[in-house]
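**Q** Build the 3D model from these lines:
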Amino acid sequence: MRSIVLIFLFLVISLSGRAQNPVLAVNRVDKFTKELIKQTSLYSFKEGDIVKLHFNVRSVDENYFLQLNVQQPVTVKKGTEIILTMEDGKQLKLISDNDIISLSESDVSKRMIVCPLDFAEITALMKLQVNAIRVPTSNKGVVNVVLAAKDKPMIRTAMALVSPKLVPKKI
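**A** Numbering: from 1, shown residues only. Prediction:
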């Protein structure tokens with residue numbers, strides 16, 4: 001059992017240096033609630049060699065969530081507007097559904113900002129690429145992440161993985 005855990009940690013550490021497209025990491029039915037849960041792997045948005053933000057997309061039955069992880073100790077209150085700047089220049093405002101309080105660098109990776117998505121937001125994320133993400137915080141001001149060209153389609157890719165019903169089917 002220990003060797004399996006060590007091998008898994010080695011793989012995670014060795015792959016964390018490389019950026020790879022999001023993949024469907026969880027696709028199962030919960031034993032107790034009978035809910036269909038799908039979740040993509042974490043994807044890192046970097047500026048140079050510094051990771052600024054991680055994201056993944058999660059669906060529970062027909063409810064979709066964008067989960068963001070800011071890579072610095074920040075405080076984000078429930079109800080905070082996370083602003084995604086789309087490729088057409090319009091802003092998509094998502095509302096955080098939980099409080100995040102990171103006190104030190106050691107607990108940063110454990111704190112995910114959860115933003116529930118409605119149908120209009122899902123449609124916008126499926127149609128357009130995201131150019132920048134703006135996260136207002138209570139203690140660090142505003143965290144702005146401008147996405148590199150290779151990162152811009154990644155949220156759309158993740159949305160397509162967890163919501164295949166919304167993707168046009170090939171005939």
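**Q** Which parts of this protein are helices?
**A** 2-16, 119-127, 154-162 (DSSP state H).
**Q** Does anything pack onto the second one? Which helices or strands?
**A** Looking back up the chat, that one is helix 119-127. Helices and strands touching helix 119-127, by 3 or more CB pairs under 8 Å, 6 or more residues apart in numbering; DSSP states H and E, are strand 91-95, helix 154-162. From N, CA and C alone the C-beta is placed, and that goes for glycine too.
**Q** which parts of the first one are buried?
**A** Buried residues in strand 91-95, counted by 16 or more other CB atoms under 10 Å: Leu92, Leu94.
**Q** How many residues are close by Pro22?
**A** As a burial measure, Pro22 scores 21 neighbours (other CB atoms under 10 Å).
**Q** does it really touch Arg156, like I thought?
**A** No: here Pro22 does not reach Arg156: they are 10.0 Å apart, not a contact under CB atoms under 8 Å.
**Q** which residues in this protein form strands?
**A** Secondary structure of the chain, counting by DSSP state E: strands at 24-29, 36-40, 43-47, 50-60, 63-70, 75-76, 81-86, 91-95, 100-101, 113-117, 130-136, 142-146.
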